[in-house]
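Engineer: Provided below for reference: sequence and predicted model.
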Amino acid sequence: MSPPVALYSNPVDVVVDLAKKELATKNGTLPTVDGTTYKTVEDMQGNWENFKFAPIRESQVSRAMTRAYFKDLDTYAESDIVIVGAGSCGLSTAYMLAKTRPDLKIAIIEASVSPGGGAWLGGQLFSTMVLRKPAHLFLDSINIPYTSTPENPNYVTVKHAALFTSTLLSRVLSFPNIKLFNATCVEDLITRPSPSSPSGIRVAGVVTNWTLVTMHHDDQSCMDPNTINAPIIISTTGHDGPFGAFSVKRLVSMGATEKLAGMRGLDMNSAEDAIVKGTREIVPGLIVGGMELAEVDGANRMGPTFGAMVLSGVKAAEEALRVFET
Ligand code: 48N
């Protein structure tokens with residue numbers, strides 16, 4: 001039985017040791033595991049006979065993952081902003097917020113394992129993504145290439161919806177002040193009494209559960225393992241569906257909102273203007289954008305065009321920042 005892996009007795013040793021290793025590698029004096037000093041990934045090509053990965057213990061992988069995950073849960077238990085739903089609206093909101101205010105702690109909660117929402121799922125069927133101008137200016141801001149033709153001056157096309165969503169995701173996830181909790185469902189809102197608000201409440205956070213637990217409340221537990229306190233929640237959970245329109249439906253079930261007007265039929269022109277211009281704080285502490293808003297206002301749907309989603313995100317970010325600027 002091999003002795004337990006010796007942990008550093010003094011945390012400082014870790015830093016010294018890592019610094020030494022880094023220096024040695026940079027100077028090319030530290031041989032890598034197989035005695036070959038690789039400098040680039042191309043160095044490995046044609047030299048596979050000596051190839052070996054650095055050794056690992058399985059527990060190190062588990063600890064690397066679990067320590068980071070639970071540290072993030074602890075860090076983001078108090079957040080400045082929570083975005084519910086990592087679809088095209090939620091992700092563009094997150095991008096605009098993190099770019100403008102790198103000091104704010106932003107948690108994104110996404111029920112699916114894979115973020116992207118309709119831009120990832122339905123958006124990829126015909127693969128090319130259409131965005132009506134002026135949404136192309138958002139694509140410019142995150143350097144997504146698109147095609148614009150003189151015969152179709154009112155819209156642009158991104159060659160594949162996955163190019164849009166993966167680029168936006170990579171920009172968002174690169175911000176140090178953003179944490180994405182995917183496969184995690186918001187299953188309730190934290191509220192506080194607010195006599196000055198017509199609904200009598202203000203929203204002050206979210207209650208979450210792992211999505212697999214949420215899906216089995218009827219036959220397992222109703223445990224809510226995690227809450228996140230935040231002064232601003234931005235809900236972009238999409239139009240009604242098994243998970244969609246979550247926050248606005250919860251406001252109705254808790255009696256904080258009369259009833260939802262319900263999303264209307266498809267009409268691109270009226271839908272996209274209404275969603276962007278209507279993005280707003282609908283009860284104190286809760287901003288709603290994207291297709292979830294269509295359920296509140298009775299806006300039309302727009303079908304397979306995504307300009308309103310990204311610009312609703314631009315507006316949702318502006319609405320949220322108003323709170324932090326006052
Ligand atoms: O993409 P969606 O559904 O929502 P939006 O508003 O970002 O974009 C809408 C867009 O994809 C369309 O529907 C297009 C434009 N078509 C319109 C039309 O005419 O039909 O993303 C919402 C995300 C999804 O990824 C869900 O998994 C997630 O929100 N979600 C949740 N995440 C956490 N907790 C919840 N309770 C929850 N509910 C939904």
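Structural biologist: Okay, I see it.
Engineer: Three-state assignment for residue 82, please.
Structural biologist: When classified by DSSP: H, G, I helix; E, B strand; the rest coil, residue 82 comes out as strand.
Engineer: so what's it up against?
Structural biologist: Counting by CB atoms under 8 Å, 6 or more residues apart in numbering, residue 82 touches 106-109, 186, 205-206, 228, 230, 232-234. Every C-beta, even on glycine, is put in place using the N, C-alpha and C of the backbone.
Engineer: how about a cut-off of 6 Å?
Structural biologist: 107, 206, 228, 230, 233 (CB atoms under 6 Å, 6 or more residues apart in numbering).
Engineer: Bridged to the second one, which residues?
Structural biologist: When bridges are taken as DSSP bridges, the partners of residue 206 come out as residue 189, residue 228.
Engineer: Return the per-residue confidence for it.
Structural biologist: The per-residue pLDDT reported for residue 206 equals 98.
Engineer: do the same with the third one
Structural biologist: With respect to pLDDT, residue 228 has a value of 98.
Engineer: what's the burial count for it?
Structural biologist: 21 (other CB atoms under 10 Å).
Engineer: One more: the first one?
Structural biologist: Neighbour count of residue 107, defined by other CB under 10 Å: 28.
Engineer: Buried ones in the strand or helix carrying residue 98, by neighbour count?
Structural biologist: Assigned by DSSP states H and E, residue 98 belongs to helix 88-100. Going by neighbour count (16 or more other CB atoms under 10 Å), the buried part of helix 88-100 is 88-98.
Engineer: circling back to that earlier point, can you tell me which of the contacts of residue 82 lies nearest to the ligand?
Structural biologist: The ligand lies nearest to residue 206 out of those, by CB to the nearest ligand atom, at 8.2 Å.
Engineer: The closest one: neighbouring residues, count only.
Structural biologist: The number of residues packed near residue 206 is 26, by other CB under 10 Å.
Engineer: Check residue 202 too.
Structural biologist: Neighbourhood size, residue 202 [other CB under 10 Å]: 20.
Engineer: That one is in contact with residue 194, isn't it?
Structural biologist: Yes. With contacts counted by CB atoms under 6 Å, residue 202 reaches residue 194, the gap being 3.9 Å.
Engineer: This completes my enquiry, with thanks.
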